[in-house]
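1. Coordinates only, no sequence provided:
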Ligand SMILES: [Zn+2]
């Protein structure tokens with residue numbers, strides 16, 4: 001729905017089409033991946049099957065003495081039949097681990113047979129393919145040239161996967177190496193043409209953190225080539241102070257200054273190296289994904305790269321999710337953020353990871369949800385499908401949610417997230433000063449989550465199309481480019497609401513300090529930024545006053561500081577903002593008040609309730625149905641929440657036809673009484689245990 005800003009203001013004045021405002025949904029998937037692997041969009045229920053091949057179980061050691069029998073059972077007809085009878089639609093199994101196709105030949109053929117069984121039961125197959133392991137002992141025997149295909153550190157030593165002490169047989173291949181990429185394509189070709197897989201799971205999709213980055217000849221020369229392609233001579237002089245970058249190397253570290261302690265990344269070569277690594281991973285994925293789809297356009301691609309869990313992923317792993325998820329239909333997160341409300345006031349969730357997936361029309365496969373009612377509830381509420389439910393044997397709570405989803409599937413399909421509020425996750429700000437920008441993003445998101453304000457996450461590319469959002473929040477988005485500042489100004493002038501916190505806009509996208517605050521005119525009274533510091537001192541905005549003002553047709557609110565509630569935990573290595581920080585800030589009300597004010601007219605949904613009650617809102621355009629999903633994150637301690645009041649705003653010319661509650665705790669859908677005044681519809685949920693959703697059906701506009 002593309003309501004432009006002028007119509008938006010018009011409708012506001014006429015107080016008519018508030019419903020249209022409610023239809024503010026997420027961004028379109030880029031054309032590059034449309035219509036491929038489409039079946040995933042209809043939702044999926046995936047389970048295995050062990051995903052480790054026997055050869056790996058043996059080489060790793062410590063296995064059970066009956067490991068061979070277990071391995072055979074995990075791909076057997078009785079297991080597949082059992083999963084099918086339990087409602088599993090996609091069978092997950094191993095295919096390629098990185099020992100080389102010669103060493104794995106026998107087990108790859110067994111996988112082909114297992115996939116044939118799954119297909120016979122009408123299931124699809126999800127096959128594991130290792131992205132970044134090369135078990136050199138067998139691989140080098142098969143392919144002696146492969147000693148040149150691996151990542152090497154600055155001393156020339158092979159770079160390893162970082163699984164504790166005992167997996168030093170796993171080298172990491174280098175994605176700059178074209179010969180390795182050709183080899184990986186052979187694996188993909190086998191997976192699609194021989195095995196006839198429907199879904200490729202690429203595991204361990206990331207690079208190692210510094211100082212463990214690849215210094216092989218292809219990466220070093222590739223980095224220099226990247227710089228000379230990206231920048232003109234004049235731009236190189238502006239970037240580095242000189243033009244000839246033929247001797248610029250990937251970063252080197254000294255013993256006294258480990259990279260995990262680097263708080264602000266100023267060095268242009270390090271900034272560019274991060275960008276190079278992110279682009280390298282995106283280009284490699286694109287190659288593999290396009291190759292796979294050239295063999296079978298229906299094959300869905302998935303990467304295990306993790307979600308948004310407080311890490312500086314571009315800096316640590318060469319992972320810029322916004323570049324990657326255009327080439328996938330799905331991604332995996334193994335983050336250790338089991339959804340729960342804790343006694344110390346933290347509300348831990350995977351909501352950010354689900355919102356990331358939805359921003360790029362991906363389905364999230366989250367690990368660790370099996371048999372956890374809150375985890376399963378969060379899945380359905382935010383993923384709009386189950387994705388992965390674990391491995392055999394499936395436990396009772398998991399089976400209950402599978403049944404519930406299958407019964408009510410049409411209430412999840414073709415749904416759009418309702419997105420009046422957009423939280424900006426700025427690549428440059430989060431990458432170059434993660435400690436500060438990530439904490440602010442987390443605190444703002446916590447405030448919205450725990451107040452049940454509908455929001456989506458937006459990334460740099462989305463600033464070009466903000467018309468669908470009533471409010472844009474810049475949570476300490478320090479580094480904004482000139483183009484981004486222009487887009488933000490235009491958005492506000494045209495009627496958008498803007499909420500700015502802390503040091504947003506004080507730096508450019510190379511994190512150079514702007515002599516004039518980037519948002520001046522929109523925001524008054526911001527303290528100036530700080531240029532290069534050898535030892536980073538934190539800025540205190542404590543004395544600066546907040547402000548609200550009308551600019552053009554829009555509104556701007558400025559919040560000079562966000563206060564962590566309690567004592568701020570000490571920094572983690574690489575300044576990861578782990579869930580120890582995931583708490584509603586002390587001044588959360590200031591944030592939600594500013595959002596409500598900046599929106600101009602009411603946010604289309606309000607749900608009353610305690611801070612551990614969370615909501616998600618979707619709309620099904622074809623069925624003209626709004627859906628309000630409710631999850632009790634404190635279900636273990638407070639098993640039931642009573643009398644939850646919900647208000648939705650509808651357009652004057654539309655009528656609410658029916659309000660119905662669905663919950664896994666009851667076999668039957670329950671009609672709810674509601675009141676409608678032609679402007680809003682209100683109803684009460686008498687009791688919520690862990691999860692329920694309410695469908696609000698409306699008539700066609702006259
Ligand atoms: Zn390399």
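-> Cool, got the structure. This is a predicted model, so every value here is computed, not measured. Numbering: from 1, shown residues only.
2. Surely residue 489 forms part of a strand?
-> No: counting by DSSP: H, G, I helix; E, B strand; the rest coil, residue 489 is not found in a strand; it is helix.
3. What separation do you get for it and the ion?
-> Residue 489 sits 42 Å away from the ion, going by CB to the ion, to the nearest Å. Using the backbone N, CA and C atoms, a C-beta is placed for each residue, glycine as well.
4. What's the local residue count around that residue?
-> 19 (other CB atoms under 10 Å).
5. was I right about it contacting residue 520?
-> No: checked against CB atoms under 8 Å, the pair residue 489 and residue 520 is beyond contact range at 10.6 Å.
6. Overlap of the contact sets of these two?
-> Counting by CB atoms under 8 Å, 6 or more residues apart in numbering, no residue touches both residue 489 and residue 520.
7. List the contacts of the closest residue to the ion within the stretch 451-600 of the chain.
-> Sorted by distance to the ion under CB to the ion, the residues of the stretch 451-600 of the chain start with residue 574, at 21.4 Å. Neighbour list for residue 574: 209, 259-260, 311-312, 315-316, 434 [criterion: CB under 8 Å, 6+ apart].
8. swap in residue 384?
-> 43, 358, 412-413, 415, 618.
9. which SS class is the residue nearest to the residue of the stretch 451-600 of the chain closest to the ion when sequence neighbours are not counted?
-> Spatial nearest neighbour of residue 574, excluding adjacent residues (CB to CB, 6 or more residues apart in numbering): residue 260 at 4.9 Å. Secondary structure for residue 260, judged by three-state DSSP, is helix.
10. and the residue of the stretch 451-600 of the chain closest to the ion, what pLDDT?
-> Residue 574 carries a pLDDT score of 97 in this model.
11. What helices and strands are in contact with the helix or strand hosting residue 598?
-> Assigned by DSSP states H and E, residue 598 falls within helix 588-599. Applying 3 or more CB pairs under 8 Å, 6 or more residues apart in numbering; DSSP states H and E, we find helix 588-599 packed against helix 434-449, strand 471-474, strand 497-501, strand 554-559.
12. Go through those and pick out the most buried.
-> strand 471-474 (a mean of 28; mean count of other CB atoms under 10 Å).
13. ok, and what's touching it?
-> For strand 471-474, the external contacting residues (CB under 8 Å, 6+ apart) are 420-424, 426, 444, 455, 458, 466, 480, 488, 491, 496-501, 504-505, 595, 598-599.
14. Tell me the gap between it and the middle of its chain.
-> 18 Å (CA atoms, centre = their mean, to the nearest Å).
15. which element follows the helix or strand hosting residue 380 toward the C-terminus?
-> According to DSSP H and E, residue 380 maps onto helix 373-383. Sequence-wise, the next helix or strand downstream of helix 373-383 (DSSP H and E) is strand 387-391.
16. now whichever helix or strand comes after that following strand against helix 373-383, angle please.
-> Downstream of strand 387-391, the first helix or strand assigned by DSSP H and E is helix 396-407. Per axes from the mean of the first three to the mean of the last three CA atoms, to 10 degrees, the angle that helix 396-407 makes with helix 373-383 is 30 degrees.
17. quick one: helix 396-407 to strand 387-391, angle?
-> Using the same axes, to 10 degrees: helix 396-407 against strand 387-391 is 150 degrees.
18. Centre of the chain to helix 396-407, how far?
-> 25 Å.
19. how many neighbours does residue 221 have?
-> When counting by other CB under 10 Å, one arrives at 12 neighbours for residue 221.
20. Which per-residue confidence value corresponds to it?
-> The score at residue 221 is 98. That number is its pLDDT.
21. Next one: the helix or strand it falls within, is it in contact with the ion?
-> Residue 221 is part of helix 217-230 when elements are defined by DSSP H and E. Yes: interface with the ion: helix 217-230 contributes residue 219 (CB under 5 Å from the ion).
22. Same question for that helix: list its buried residues.
-> By neighbour count on 16 or more other CB atoms under 10 Å, the buried set for helix 217-230 is 218-219, 222-224, 226-227.
23. And the furthest pair within those residues?
-> Spatial extent of the buried residues of helix 217-230 (CB to CB) is set by the pair 218 and 227 at 15.0 Å.
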